[in-house]
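Visitor: Next one to model:
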Amino acid sequence: MTQAASELRPGLSVQLDPPPTAMVWLAPGKQHEAIAVPTVVLAPGDALVEIELATICGSDVHTTLGHRTVPAPLVLGHEQVGQVVALGTGAITAAGSPLALGDRVVWSVTVGCGSCAACGRGLPQKCSTVRKYGHEQLERGWELSGGFATHVHLRAGTAVVPVDRALDATVLAPVSCGTATAAAALDAAAAVTPIAGEAVVVFGAGLIGLTICAMATDRGARVVVVDPESSRRALASRFGAVATADPVLDPEVAGSLARALATFDEQPAVAVDASGSPAAVASAIGAVRIGGVCILVGSVFPTDAVPLDPERVVRRLLTLRGVHNYAPRHLIEAARFVEARHTVYPLHELVGATVALSDLDAGIAAAAHGRAVRIAVAPD
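Guide: Okay, here's the model as predicted:
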């Protein structure tokens, strides 16, 4: 450990051979650059995890295309699974038990302090000092801050969940973002209205939308999934959807949203937009019945504004809720869901091709232009 690193953040010095490598993103249109991190200093509560597999989230793609403002340079990636290879003193799991060397784990997108007002309200993802994996500017002492690397340095305040050692990594890697966010979205809806026996409409058949479909089906809901891509609509049926709809079809045409919703006795109790499309958001708000709830989870990049009729919201007693990231309980729920239900739903099909870490830029290009729900990234 160098003197500068020791002064920066005292703790346990870890040196691996070969040293951990991270892929650094600089700006739109530029290739990632690899950096080696010879020394990692683990403060109390920290852990070092060797990455087994990461997946490319849509937000990673939006960042590299310049659709999101981020503090570059940085190490992207926040969906991954790995194995604990070093521990700071007192490192714990999300359930409060000691974290152990060799544990196979997933972890939260965010690092919370646990003591501010937001953390006290059960919103650690909005902590006043929040740090986010795959979103922070490269800094000395925390170079391994994203999943597109051979290792990730987990900071104290991260929710860490041990997972099944036998389960396929393609099922587990998305848990840290997409699957846990789906759990949070459904939890937000269930806080307003019962799910069992109700009609639910989900806009967007990406990883989050399809996972919401499966989770809602498990809770006894009848789910309609709306997506313009036929292959994703076909996949939605295998995730429990009782019907699918193409949003561009005229209402009177078979396969339209209007025709799909007409099969129910009344309008859906819940609508979830997992696409971020302004048109889908407007349709979601208009789809729910009196006393229903509309959950917005896909709008994580700048878009055009959506017209809102406040009288309709008032007279129909509608609830409109935004969901961004999740709390530790949702990460635990997501991990347990994939462990228990991976043989029921084709969760492994939510990840397509795997590229080597050194081919990360090709993987991101494939994620931007391909049809696979996720592209995986494996250390070389």
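Visitor: contacts, neighbours, all on C-alpha from now
Guide: Will do.
Visitor: Please identify the buried residues of the strand or helix carrying Asp187?
Guide: Taking DSSP states H and E as the criterion, Asp187 maps to helix 178-190. By neighbour count on 16 or more other CA atoms under 10 Å, the buried set for helix 178-190 is 178-189.
Visitor: Residues in contact with stretch 292-302: which ones?
Guide: Stretch 292-302 is contacted by residues 59, 62, 67-68, 181, 185, 188-189, 192-193, 268-277, 281, 284-285, 288, 317-324 when judged by CA atoms under 8 Å, 6 or more residues apart in numbering.
Visitor: Name the residues of it that come out as buried.
Guide: 292-300.
Visitor: Between the two ends of that stretch, what distance do you get?
Guide: Stretch 292-302 has an end-to-end distance of 26 Å (criterion: CA to CA, to the nearest Å).
Visitor: what's the distance between that stretch and the middle of its chain?
Guide: In terms of CA atoms, centre = their mean, to the nearest Å, the centre of stretch 292-302 is set 14 Å apart from its chain centre.
Visitor: what mean pLDDT does that stretch have?
Guide: In this model, stretch 292-302 has a mean pLDDT of 93.
Visitor: mind checking the SS state of Val272?
Guide: Under DSSP: H, G, I helix; E, B strand; the rest coil, the three-state class of Val272 is strand.
Visitor: Please tell me the pLDDT value assigned to it.
Guide: Val272 is given a pLDDT of 98.
Visitor: who are the neighbours in contact with it?
Guide: Val272 neighbours (CA under 8 Å, 6+ apart): 185, 200-203, 284, 294-297.
Visitor: for Leu123, same thing?
Guide: 326-327.
Visitor: List the beta-bridge partners for Leu87.
Guide: Ala47 (DSSP bridges).
Visitor: Would you agree it is in contact with Asp46?
Guide: Yes. In this structure, Leu87 is within contact of Asp46 by CA atoms under 8 Å, at 6.2 Å.
Visitor: filter the contacts of stretch 292-302 to the buried ones?
Guide: Buried among those (16+ other CA under 10 Å): 59, 62, 181, 185, 188-189, 192, 268-277, 281, 284-285, 288, 318-321, 323-324.
Visitor: now Pro136, nearest residue through space, not along the chain?
Guide: Let me fix one detail, which is that residue 136 is Glu and not Pro. Once flanking residues are discounted, Glu136 sits nearest to Leu74: 6.0 Å by CA to CA, 6 or more residues apart in numbering.
Visitor: Now for the one you found, how many residues are close by?
Guide: 25 (other CA atoms under 10 Å).
Visitor: Could you tell me the per-residue confidence at it?
Guide: The model's pLDDT for Leu74 equals 97.
Visitor: Does anything pack onto the helix or strand harbouring Ile208? Which helices or strands?
Guide: Assigned by DSSP H and E, Ile208 belongs to helix 207-218. Judged by 3 or more CA pairs under 8 Å, 6 or more residues apart in numbering; DSSP states H and E, the packing partners of helix 207-218 are helix 178-190, strand 199-203, strand 222-226.
Visitor: Buried residues, the helix or strand just after the last one. List them.
Guide: Where DSSP H and E defines the elements, the next helix or strand beyond strand 222-226 is helix 230-238. By neighbour count with 16+ other CA under 10 Å, helix 230-238 contains the buried residues 232-238.
Visitor: Next, the angle strand 222-226 makes with the helix holding Ile208.
Guide: 160 degrees (axes from the mean of the first three to the mean of the last three CA atoms, to 10 degrees).
Visitor: Export only the CA atoms of helix 207-218, formatted as PDB.
Guide: Extracted C-alpha coordinates of helix 207-218, given in PDB (Å, rounded to 0.1, in the frame of the first residue of the first chain):
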ATOM      1  CA  LEU A 207     -36.000  -7.300 -18.500                       C
ATOM      2  CA  ILE A 208     -37.800  -5.200 -15.900                       C
ATOM      3  CA  GLY A 209     -41.200  -5.400 -17.500                       C
ATOM      4  CA  LEU A 210     -41.000  -9.200 -18.000                       C
ATOM      5  CA  THR A 211     -39.800  -9.700 -14.500                       C
ATOM      6  CA  ILE A 212     -42.700  -7.600 -13.200                       C
ATOM      7  CA  CYS A 213     -45.000  -9.700 -15.300                       C
ATOM      8  CA  ALA A 214     -43.700 -12.900 -13.700                       C
ATOM      9  CA  MET A 215     -43.800 -11.500 -10.100                       C
ATOM     10  CA  ALA A 216     -47.300 -10.200 -10.500                       C
ATOM     11  CA  THR A 217     -48.400 -13.500 -12.000                       C
ATOM     12  CA  ASP A 218     -47.000 -15.200  -9.000                       C
END
